[in-house]
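A.B. asks: fold the following and give me the result.
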Amino acid sequence: AAENSRQVPVDSGKDGSFIADARLVRVDGQPRWLVEDSKGLRFSLSAIDGSIVNVSPEQALRIAEHWYQAEQTGVSGLTYLETVDNPVILRNQNALRPFHRIANFSGGELLISARTGEVLHASTRMDRALYYAGNWIHLFKPLEALGLGEIRHDVQLWSGAAATIACVTGLIIGWLRWRPGFGGKPTYSQGRTQPYREFWFKWHFWTGLLGGTVALGWALSGFIDTNPGKLFSAGNPDRAELSRFQGDGLPDVMRDWRPEPLAPIEGSDIVELNWRRLSDEAVLVAHGRDGRRLPQSVDGAATSFSKPALMAAVQRLVKDAEIVGQEILTDYDSYYYPRHHQGSVEKPLPVVTVQLADEGATRVYMDPLDGRVLARLDDSRRVYRWLYSGLHHWDFGWLYYRPIWDAWMLTWVGFGLVLGVSSVVIGWKRLKKTFAPKKKRATRGGRVVEPVLAAESAGD
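C.D. replies: As a prediction, the model looks like this:
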């Protein structure tokens, strides 16, 4: 590998593209360069002869075997199922398609990129059942299966708007019909504080009155998540901005580097070497199997990016905006923090934060070790954080910590479940009455008596 590492295409392409990321890994026992260019295209190159290498189904089976062995789970009965371009359960991985589906006898499945050999998704039978019962329906994924993926965003947007309006009107009606009897004011018959006697109407009233505000928050935040009218800026830089952030050229140390055996590091099994660069400054990072990142000492390379290199990269990203402040963040804040399924691998610390004097008071979060932009927030994005994530995920203050978060969410999900079921039952009863054959209207003393719903006639 050392003799042929120069064959990795490190110079700018004819279309102006250049290497944005280069990782040296072992795939099916062979050394490979996993390369991403500045346009987002991914390649797997042999570190022995520099040729482009794709992963066959047979190789995918061996990769799956290694995976399950490392996870210390059963590897018997591995089966190749199919190769797919757009698996339903994967998002934002178009650059790595197609994908091999590998299954085992216990119901586990892996999705392995045929381009790079990376395992992109691992699931059990229960994981997939929960996905189809949850995210698949919640995000209107069935539309894609029907060939209507292009309207899915619009369906989400208008469904969120309709749900928000329904919650607002329901809350207004509920509060208007509630008669708590405070100060001796009249209530309904038999001292009832709500007008309904029928079971489903009573449950709908109380769950709506008590849980309607949280339901409104979920509906509104779901609507906001669709970014109606592009009110909110993008949270992450686009491909052109990231290319500008990295800068031109390729440091000589990356071009001339020869892989050498690494000195043993206590407690770490090195599985990947990753070159990162910002303009003419480069860092070589080793990744352990446990997720730890270990900067390597290489002549001509730094062990982390310098402050001048990071500030110059930010300046390239924002162009004319002035940098008015920077600091090192050693703990999470309200805008940069891990979700409950994430950890220090996904959200590393410490980070460098840079404050800009632009119109949106933008703040940029960067990883000083590998030079990545971790987050970019202007005023509109900070508002989005609270209106969407705050109302949808309740990930702030003491509510963020488990098991407080679990108890809080399960309580209101229970209210939402009863509210939803009662809405369906009441709506179904209304539809049955609306479309039922019309009965002959009764008369009383020459006056027509219209039939009414029992629940409606229960009101005083």
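
A.B. asks: quick one: low-confidence parts of the stretch 151-300 of the chain?
C.D. replies: 261-268 (pLDDT under 70).

A.B. asks: swap in 80 and give it another go.
C.D. replies: Confidence mapping of the stretch 151-300 of the chain against pLDDT under 80 gives the ranges 249-250, 258-269, 290.

A.B. asks: helices along that one, start to end?
C.D. replies: 152-177, 199-225, 239-246, 252-256 (DSSP state H, counting those that start in this stretch).

A.B. asks: Tyr131: neighbouring residues, count only.
C.D. replies: Tyr131 is flanked by 16 other residues according to other CB atoms under 10 Å. Yep, even glycine has a C-beta here, placed from its N, CA and C like the rest.

A.B. asks: any idea which element it lies in?
C.D. replies: If you go by DSSP states H and E, Tyr131 is part of helix 125-133.

A.B. asks: got a list of contacts for the next helix or strand along the chain from that helix?
C.D. replies: Toward the C-terminus, helix 125-133 is succeeded by helix 135-138 as the next helix or strand (DSSP H and E). Helix 135-138 has contacts (CB atoms under 8 Å, 6 or more residues apart in numbering) with Val88, Lys141, Pro142.

A.B. asks: so which of those comes closest to Gly288?
C.D. replies: Val88 (32.3 Å; CB to CB).

A.B. asks: how about the backbone phi and psi for the nearest residue to that closest one once chain neighbours are set aside?
C.D. replies: Excluding its sequence neighbours, the residue lying closest to Val88 (CB to CB, 6 or more residues apart in numbering) is Lys141, at 6.0 Å. Dihedral pair for Lys141: phi -60, psi -30, per degrees, to the nearest 10.

A.B. asks: re earlier: give the buried subset of the contacts of helix 135-138 as a ChimeraX selection command.
C.D. replies: A single ChimeraX command selects the buried members of those (16 or more other CB atoms under 10 Å):
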select :141
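
A.B. asks: what's the separation between the residue nearest to Val88 and Ala161?
C.D. replies: Distance, Lys141 to Ala161, by CB to CB, to the nearest Å: 20 Å.

A.B. asks: do Leu242 as well
C.D. replies: With CB to CB as the criterion, Leu242 and Ala161 are 33 Å apart.

A.B. asks: again, but for Glu65
C.D. replies: 49 Å.

A.B. asks: who's in contact with the residue nearest the centre of the chain?
C.D. replies: Computing the C-alpha centroid of the chain and ranking residues by CA atoms, centre = their mean puts Arg91 first, at 8.7 Å. For Arg91, no contacting residues are found, by CB under 8 Å, 6+ apart.

A.B. asks: which pLDDT value goes with it?
C.D. replies: The model reports Arg91 with a pLDDT of 80.

A.B. asks: same check, this time on the one 5 residues further on
C.D. replies: In the predicted model, Leu96 carries a pLDDT score of 89.

A.B. asks: could you shift the numbering so residue one becomes 25, and keep it that way?
C.D. replies: Sure, I'll start numbering at 25, so the last one becomes Leu120.
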